[in-house]
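> What would the 3D arrangement of this be:
(one chain, ligands or ions: 1)
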Amino acid sequence: MSLSYNPHDPAFLIDGIPFEQLQKIRAHQPICPTPTGAWYLSRFSDVDAVFRDVEGYYADLGPITGLSGVETIPRDQWFLSEIPEPKHAAMRRLFNTSFGPHRTKEIASYIRTVCDGLLDRMLEQDVSDLHVGYAMPIPSLVMANVLGLPESTSDLFMEWSFDGSLMTRPETPGVKPGRPAVEEYFLAKLNEQRALAEPDNHVFKIFLEARFDNAPLEDQEIITQLHFMIQAGVHTTRGLLVHVVQRLLEDPELFERLHNDPSLIPVYVEETLRHDSPVQRVTRRCAHATEIGGITMAKDTWLEVGIASANRDESLYEDPESFRLDRPNPKNHLGFGGGPHICPGATLARAEAVTAVEVLLSRLHSMEMLPGASYPPIPGSLSHQEIPARLNPR
Ligand code: HEM
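A predicted model of the protein is given here:
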């Protein structure tokens with residue numbers, strides 16, 4: 001049997017991910033060719049090993065920004081994921097200080113206020129869209145707050161997410177006037193902060209005061225990383241939120257169960273990250289000629305690292321295709337990646353998802369799907385489809 005898999009098939013947004021095909025691939029051809037000449041890794045053990053081996057495999061987000069690969073991109077435009085060690089670890093500390101667990105704690109009550117405010121607005125309508133009215137604005141508003149930016153900035157984050165410019169870099173063909181709008185915005189802010197005797201924004205201060213080999217970061221390096229925070233933190237969390245709210249809408253029994261036992265909400269969020277991974281795959285390239293699972297790979301070969309498939313690997317999970325709240329170790333999944341590049345925004349994303357669900361369950365008696373309406377597949381996070389619902393307050 002010779003199988004192939006195209007993780008970029010646009011039909012998946014409409015029809016859903018073909019998990020039966022992934023099951024076959026794991027069983028018969030776990031390292032499977034893709035139409036673009038890459039290899040798709042489908043098993044947990046291979047995905048996990050590649051995440052851990054940062055000397056053997058490097059990340060390259062060139063193609064998702066309209067470019068062929070990092071070799072064509074100036075180094076000051078390399079996102080955190082693409083920066084090799086030891087600079088990666090040092091740069092990553094700046095990210096952790098900007099929005100890690102301590103910062104998430106500080107803004108916990110803001111996240112709740114955001115969710116409550118959005119629900120208030122949805123309750124004024126006969127029919128609400130849980131996507132545009134709830135899942136989409138939460139991460140943008142929270143991200144603006146985390147970065148100490150005005151609330152209105154969140155509208156810009158959503159605009160750049162919709163128009164796709166968030167996924168470009170200065171080097172991407174056709175980008176005008178020289179850099180994407182998000183970077184123009186951060187450059188202007190950076191200049192404002194630099195003009196002050198002491199920066200009054202904690203994130204800009206962290207980046208302006210950082211030293212690598214005794215030298216400060218260049219402007220382009222700083223705005224590249226601020227841009228990446230938005231790119232990495234807004235789309236992805238929207239995906240998670242879409243999945244948790246849509247499943248609650250589609251499954252009234254689950255709604256009731258979580259309402260009666262809110263201690264299950266964090267478990268619900270973890271099972272969503274496993275079963276409906278918002279990031280379905282990431283890329284790596286081989287740093288040198290190597291062999292995985294008996295397949296010889298030349299230096300720079302592209303790998304599609306199949307998080308979605310690994311998270312349903314039957315060698316690790318009992319009954320992996322089922323959505324269950326009784327798994328022995330709910331956090332045992334690769335939804336946030338693994339190894340030294342594991343997501344530094346995981347605490348923040350979990351806090352947003354748990355709070356968003358808590359607010360719906362505590363204030364609503366039920367949510368009803370609309371007869372005749374069409375709903376996106378789960379997982380289907382990267383589409384912008386509506387999730388229409390009738391919300392009944394308690
Ligand atoms: C549910 C929401 C999220 C999911 C599913 C998610 C998923 C991931 C995954 C799978 C990776 C690993 C990428 C790789 O190894 O190639 C990653 C890395 C990253 N994530 Fe997240 N993420 C989420 C939310 C966030 C948030 C809220 C932020 C920022 C506030 C963020 C910032 C980052 C950054 C900066 C990296 C790169 C880390 C590194 O290379 O060291 N993410 N994320």
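
> which regions of the stretch 1-150 of the chain lie under the pLDDT threshold?
1 (pLDDT under 70).

> how about the residues of it that lie near the ligand?
By the rule C-beta under 6 Å from any ligand atom, the part of the stretch 1-150 of the chain lying against the ligand is Ala59, Leu80, Ser81, Arg92, Phe95, Phe99. All C-beta spots, glycine's among them, are computed from the backbone N, C-alpha and C.

> For the ligand, state which of those is nearest.
Ser81 (3.6 Å; C-beta to the nearest ligand atom).

> Next one, pLDDT for Leu382 please.
Per-residue pLDDT puts Leu382 at 66.

> which of the residues of the stretch 1-150 of the chain next to the ligand tops the neighbour count?
Ala59 (23 neighbours; other C-beta atoms under 10 Å).

> ok, that one - contacts?
Neighbouring residues of Ala59 by C-beta atoms under 8 Å, 6 or more residues apart in numbering: Ser81, Glu82, Val282, Thr283, Arg284, Arg285, His341.

> Would you convert those into CSV that also reports secondary structure?
What follows is the contacts of Ala59, written out as CSV (DSSP: H, G, I helix; E, B strand; the rest coil):
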residue, secondary structure
Ser81, helix
Glu82, helix
Val282, strand
Thr283, strand
Arg284, strand
Arg285, strand
His341, helix
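
> ok, and the most crowded of these?
That'd be Arg284 among the contacts of Ala59, by other C-beta under 10 Å, with 25 neighbours.

> ok, how many other residues are close to the closest residue to that residue other than its chain neighbours?
Of all residues not flanking Arg284 in the chain, Tyr57 sits nearest, at 4.0 Å (C-beta to C-beta, 6 or more residues apart in numbering). The local packing of Tyr57 (other C-beta under 10 Å) involves 24 other residues.

> Same check on the one 4 residues further on?
Other residues near Leu61 number 22, with proximity taken as other C-beta under 10 Å.

> where does the closest residue to it other than its chain neighbours sit relative to Ile222, distance-wise?
Among residues not flanking Leu61 along the chain, Phe79 sits closest, at 5.7 Å (C-beta to C-beta, 6+ apart). According to C-beta to C-beta, to the nearest Å, Phe79 stands 13 Å off from Ile222.

> which of the two has more neighbours?
Remark: of Phe79 and Ile222, Ile222 carries more neighbours, 24 against 21, as counted by other C-beta under 10 Å.

> So that one is in contact with Glu209, correct?
No. Judged on C-beta atoms under 8 Å, Ile222 makes no contact with Glu209 at a distance of 11.1 Å.

> Of all residues in the stretch 101-250 of the chain, which one is closest to the ligand?
Counting by C-beta to the nearest ligand atom, the stretch 101-250 of the chain gets nearest to the ligand through Gly233 (2.9 Å).

> That residue looks like it's in a helix, true?
Yes. Counting by three-state DSSP, one finds Gly233 located in a helix.

> My guess is it contacts Met143. True?
Yes. Gly233 is within contact range of Met143, at 5.4 Å (criterion: C-beta under 8 Å).

> sorry, back to before: hang on, isn't the residue nearest to Arg284 packed against Cys286?
Yes. Using C-beta under 8 Å, Tyr57 is in contact with Cys286, at 6.1 Å.
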